[in-house]
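Participant: Need a 3D model of the following:
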Amino acid sequence: MIRLLRPLTRGTTYTRLLHLLLPAALVSVWLFIDMSKPWVPALLVVPVGLIPAVRRGEGLQARFMLVPDGPEPSSSAAVGTISTAPSATWRDRGRTVVWLEARLLFTVPATFAAVWLPFLSVDLARAALGHTVLDNPVYRIDEPHWAYGLLVPLPLLALAAVVVGLGGLVAAVARGLLGPSPAEKLAALETRTEQLLERTRIARELHDSIGHALTVAVVQAGAARTAGDPAFTDRALAAIEETGRAALEDLERVLGVLRESERPVSGRPTLVDADRLLESARTSGATVDAEVTGPLETVPGPASREGYRILQEALTNVLRHAGAVPVEVRIAVAGDALALEVRNPLGAAAPGPGRGSGLRGIRERAALLGGHADTGPDGGEWRVRVALPLR
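Facilitator: Just a heads-up that it's a prediction; the model follows:
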């Protein structure tokens, strides 16, 4: 019994009842004008439902009154949720018209139950106390009897059943008729995909920038500890400080994106700033032989930014796995392509061609721009070769 009465303790039950009774105001006004044509309100809502903004208003009303304290069904395509967007197609307008007609249909039993069932309980109580009920247009009680008192709860229970049942039904109909259209589902899916891609990109950014900074710091600190040269120690500490500052800038930018997701990503380093990476590798003990051909400043922003991160990850891998070894860096801009190659002697602890999230990130970045990346041993050297289209 308690389980059956539990819906009466939820606020949703009563907001749904209010939602069911709202159209009764329109119907009552028209019946006051002309009671001989009760079908006119159903005709009037047809042109109203064709107005695009009406769907938005009905969606907001349904969302806040029919499902205010319950979670919306969640999925990547927003299936089953109530849309709050204006009608974009004639199919949406037609669904809105059907929804308005359904609201008028639901309001008839809801109004009857909400008005007459409480009155019936009151009249049954009066009849149990010895009063006759003769002025009610729906029913009459000529002979009062105490047994009518036993029937007093029945209309109230029927009212509760009608309110809960109709409320659940109108919520289900709202999800069907006011739910997102196929275009809205596709837009929601695209938005969700963009969010996931942005999270993946942020994860790669943190891995590349912070991982690079930590690798340089570890290598520099280890070299300074074993060198025993005060001048070298000063240079190592300066390199650690500079790398740490750059990592903090990257971290602050990424955190800014997380705090304000609508803000465009700007200020990311590009290949024009590659000298900073090369100098950082040199101060870590590596001998870097760099050759840049072609105008880096003409490389489009996406390719230049991703190229910088690819170069950063490649140099980080060299320092992490091979240590202070000679490194050859070749960056070439020719025609509609950007070529980037990093070579270093193959160490005993070099990773395999398919291992490491850094190498996977390099391949993912290249593929995202329509290019390709090759990583792995090549004639006694470890090679990272990336080709990116510029158009």
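
Participant: Can you give the contact residues for stretch 108-122?
Facilitator: Contacting residues not belonging to stretch 108-122 are listed as 17, 20-21, 24, 136, 138-139, 152-156, 158-159, 162-163, 166 [C-beta atoms under 8 Å, 6 or more residues apart in numbering]. For every residue, glycine as well, the C-beta is placed using N, CA and C.

Participant: what mean pLDDT does that stretch have?
Facilitator: Averaging pLDDT along stretch 108-122 yields 89.

Participant: need the contact list for Tyr139.
Facilitator: Tyr139 touches 120, 123, 133, counting by C-beta under 8 Å, 6+ apart.

Participant: Apply 10 Å and report the result again.
Facilitator: Applying C-beta atoms under 10 Å, 6 or more residues apart in numbering to Tyr139 gives the contacts 116, 119-120, 123-124, 133.

Participant: Could you do Val325 as well?
Facilitator: Neighbours of Val325 in contact, by C-beta under 10 Å, 6+ apart: 285-287, 318-319, 344-347, 381-382.

Participant: quick revisit: buried subset of the contacts of stretch 108-122?
Facilitator: 17, 20, 24, 152, 155, 159, 162-163, 166 (16 or more other C-beta atoms under 10 Å).

Participant: Does Asp374 belong to a helix, a strand or coil?
Facilitator: Secondary structure, DSSP: H, G, I helix; E, B strand; the rest coil: Asp374 is strand.

Participant: quick one: it from Arg385, how far?
Facilitator: Separation of Asp374 from Arg385 (C-beta to C-beta, to the nearest Å): 5 Å.

Participant: With neighbour numbers in mind, choose between those two.
Facilitator: Between Asp374 and Arg385, counted using other C-beta atoms under 10 Å, the more crowded position is Arg385 (18 against 15).

Participant: wait, doesn't the more buried one sit right on Ile331?
Facilitator: No: if you go by C-beta atoms under 10 Å, Arg385 and Ile331 don't touch, sitting 11.6 Å apart.

Participant: Next, show the common contact partners of those two.
Facilitator: In contact with both Arg385 and Ile331: 339-342, using C-beta under 10 Å, 6+ apart.

Participant: from these, which is closest to Gly11?
Facilitator: The closest of the shared contacts of Arg385 and Ile331 to Gly11 turns out to be Leu340 (C-beta to C-beta; 60.5 Å).

Participant: and the gap between the closest one and Ala274?
Facilitator: Remark: distance between Leu340 and Ala274 (C-beta to C-beta) = 10 Å.

Participant: who touches both of the two?
Facilitator: 307-308, 311, 329, 331.

Participant: Just the buried ones from the residues you listed?
Facilitator: 307-308, 311, 329, 331.

Participant: a markdown table for these, including secondary structure, pLDDT and distance to Met65?
Facilitator: Formatted as a markdown table, these follow (DSSP: H, G, I helix; E, B strand; the rest coil; pLDDT from 0 to 100; distance: C-beta to C-beta, whole Å):
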| residue | secondary structure | pLDDT | distance to Met65 |
| --- | --- | --- | --- |
| Gly307 | helix | 89 | 53 |
| Tyr308 | helix | 89 | 52 |
| Leu311 | helix | 90 | 56 |
| Val329 | strand | 93 | 63 |
| Ile331 | strand | 93 | 61 |
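
Participant: Filter the contacts of Tyr139 down to the ones in helices?
Facilitator: With helices defined by DSSP state H, the entries of the contacts of Tyr139 inside them are 116, 119-120, 123-124.

Participant: nearest to Asp234, of those residues?
Facilitator: Trp116 (92.3 Å).

Participant: From Pro109, how far off is the closest one?
Facilitator: Distance from Trp116 to Pro109, counting by C-beta to C-beta: 11 Å.

Participant: The two: who's more crowded?
Facilitator: A count of neighbours by other C-beta under 10 Å puts Trp116 above the other of Trp116 and Pro109, at 17 against 13.

Participant: coming back round to it: now, which of the shared contacts of Arg385 and Ile331 lie within strands?
Facilitator: Counting by DSSP state E, those place 339-342 in strands.
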